[in-house]
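Participant: model the following, please.
(chains A and B)
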Amino acid sequence: MRSLLRLLKKYSYILVFLLLEVIAILLLSNHNHYQHSRILNTNREITGWIFDKVDGAREYLSLKETNEILVQENATLRNKLASPGPSIAKLSPEEIQRLNYYSPARIVHSSVYKQLNYLTINKGRKQGVTRDMAVISEQGIVGIVLESSPNFSTILPIINPDFRLSAKLQKNNFAGILQWDGNSPNQAILNEIPYHVDVQIGDSIVTSGFSAIFPEGLHVGTISDFSLQEGNFFEIRVLLGTDFSTLFYVNVIKNFLQEEQRELEEKTNE
Amino acid sequence: MIRIVGRNIIRFLVVILFQVLVLDNIQMGGYLNPYFYVLFIILMPFETPRWFMLITAFILGLSVDLFTNTLGMHAAATVFMALLRPWILNIFAPRDGYEPDTFPRIFFYGFNWFLRYSLVMVFFHHLALFYIEVFHFQDFLSTFLRVILSTLVTTSTIILSQYFIFRK
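Facilitator: Numbering: from 1, shown residues only, chains lettered A, B, ... in the order given. From the prediction side, this is the model:
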């Protein structure tokens, strides 16, 4: 018994090591499975606040680029107003209410060149941003809201291996799964497009609208390369529209039909 | 031990804030990710109890994790590094051992000793960190390249910091 105690004492720090590693790994695996705790929410408020203060300088230095992007956006919007097609004026008030609502937000912190990349934006529950909302930029889609605290939200961007998106070829509507392979922050892989589909370099990839998070037809990127995989599917390399390293402003989309679609799907699954 | 805590608490805060507010914002491409905060473990006094070192490493890693949304990742790697530290120190020990009232720094043991010691420490930290990050061994070589390159960058920043901030 005494020798056992002596042994325990001698190797106690190994036990401390194992204990701490187990805690760390548990935290890591739980966190990635979208479980969350109050601690994390408080933490998001604090880190968000710090990032928000420090980010002022970065924002100031990039005013020129931001301006250019805004000018371009204005031009696109004017074009949309001028062009014929379904416009808001023709819709009844109920239908307008059901349209997606766009809410602008600023990125206060982002990581781009890591494996587990996340973004933090300065809108949270108080501003109506909750989990599973879509986040887009002028250049294309950005990601989805993972968690939100009162004033800040964490975003899971395309460039995180946990992110999956149902996307389709714009010209013929064949849909596949878009996922990041962890290599370059401006490329992702589109899988599950069957081999008989006509695929060309330069084709546009847009959201399919199957997921109830992203509305249909948002720009994702363009095809930069493709190859045929085993099992008769293409592996398509997509050049993402969004440049994450220069991203400052995003729009959060509230899809008013999301609840309805999800309820229906749950009922069907039962 | 209370003395160790008091003397190190400011350094603790400085390395974390430098890491998350400065280094994490510098984008140097996917292969270069300096993790300067490990300096804190490298500079801990020789006589720090092992269990205390492990717990400090855990808290240090977890604090960085809180800012990068990767709860547990940096903590696991930093604890691993803290576990190896006594052995690494043993391997690099001078012939007559480490003298009392000295610290693991260039000032006391010279550039060569510090370079070897910090290089090995940083290497094991980054090895654990990057493989936990990808969580598979498929792209073994590209991850290993990331480990090597980031180790070089981190070690350089650590050596530089020794001349600019922690001179004495």
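Participant: give me the pLDDT for residue A:106.
Facilitator: With respect to pLDDT, residue A:106 scores 86.
Participant: what comes up buried for stretch B:57-66?
Facilitator: Neighbour counts over stretch B:57-66 (16 or more other CB atoms under 10 Å in any protein chain shown) mark B:57, B:58, B:60, B:61, B:62, B:63, B:64, B:65, B:66 as buried. C-beta: built from backbone N, CA, C; applies to glycine.
Participant: list the contacts of it.
Facilitator: A:20, A:23-24, A:27, A:43, A:47, B:12, B:15-16, B:19-20, B:35, B:37, B:40-41, B:71-79, B:81-82 (CB atoms under 8 Å, 6 or more residues apart in numbering or on different chains).
Participant: report all helices and strands that the lowest-mean-pLDDT helix or strand in chain B contacts.
Facilitator: Least confident helix or strand, chain B: helix B:2-17 with a mean of 81, by mean pLDDT, DSSP states H and E. Counting by 3 or more CB pairs under 8 Å, 6 or more residues apart in numbering or on different chains; DSSP states H and E, the packing neighbours recorded for helix B:2-17 are helix B:39-42, helix B:50-68.
Participant: return the distance of the shortest one from the chain's centre.
Facilitator: In other words, helix B:39-42. 5 Å (CA atoms, centre = their mean, to the nearest Å).
Participant: is it positioned near chain A?
Facilitator: No - Helix B:39-42 is not in contact with chain A by CB under 8 Å from any CB of the partner chain; minimum separation 13.3 Å.
Participant: which strands or helices does that helix pack on?
Facilitator: With 3+ CB pairs under 8 Å, 6+ apart as the test, helix B:39-42 has helix B:2-17, helix B:50-68, helix B:73-91, helix B:106-134, helix B:140-164 packed against it.
Participant: among the ones you listed, which comes closest to residue A:3?
Facilitator: helix B:50-68 (21.0 Å; CB to CB).
Participant: tell me the angle the least confident helix or strand of chain B makes with helix B:140-164.
Facilitator: 120 degrees (axes from the mean of the first three to the mean of the last three CA atoms, to 10 degrees).
Participant: contacting residues around residue 133?
Facilitator: You didn't pick a chain, so chain A it is. A:144, A:145, A:213, A:252, A:253, A:254, A:255.
Participant: you answered for a different chain; I wanted chain B.
Facilitator: Residue B:133 neighbours (CB under 8 Å, 6+ apart): A:114, A:115, A:116, B:70, B:73.
Participant: and those as JSON lines, adding distance to residue A:247, neighbour count and pLDDT?
Facilitator: Below are the contacts of residue B:133 laid out as JSON lines (distance: CB to CB, whole Å; neighbours: other CB atoms under 10 Å in any protein chain shown; pLDDT from 0 to 100):
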{"residue": "A:114", "distance to residue A:247": "15", "neighbour count": "20", "pLDDT": "81"}
{"residue": "A:115", "distance to residue A:247": "18", "neighbour count": "22", "pLDDT": "80"}
{"residue": "A:116", "distance to residue A:247": "17", "neighbour count": "22", "pLDDT": "81"}
{"residue": "B:70", "distance to residue A:247": "20", "neighbour count": "25", "pLDDT": "80"}
{"residue": "B:73", "distance to residue A:247": "23", "neighbour count": "29", "pLDDT": "88"}
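Participant: inside helices: which ones of those?
Facilitator: Using DSSP state H to define helices, the subset of the contacts of residue B:133 located there is residue B:73.
Participant: for residue A:174, state which of the contacts of residue B:133 is nearest.
Facilitator: Among these, and counting by CB to CB, the member closest to residue A:174 is residue A:115, at 29.5 Å.
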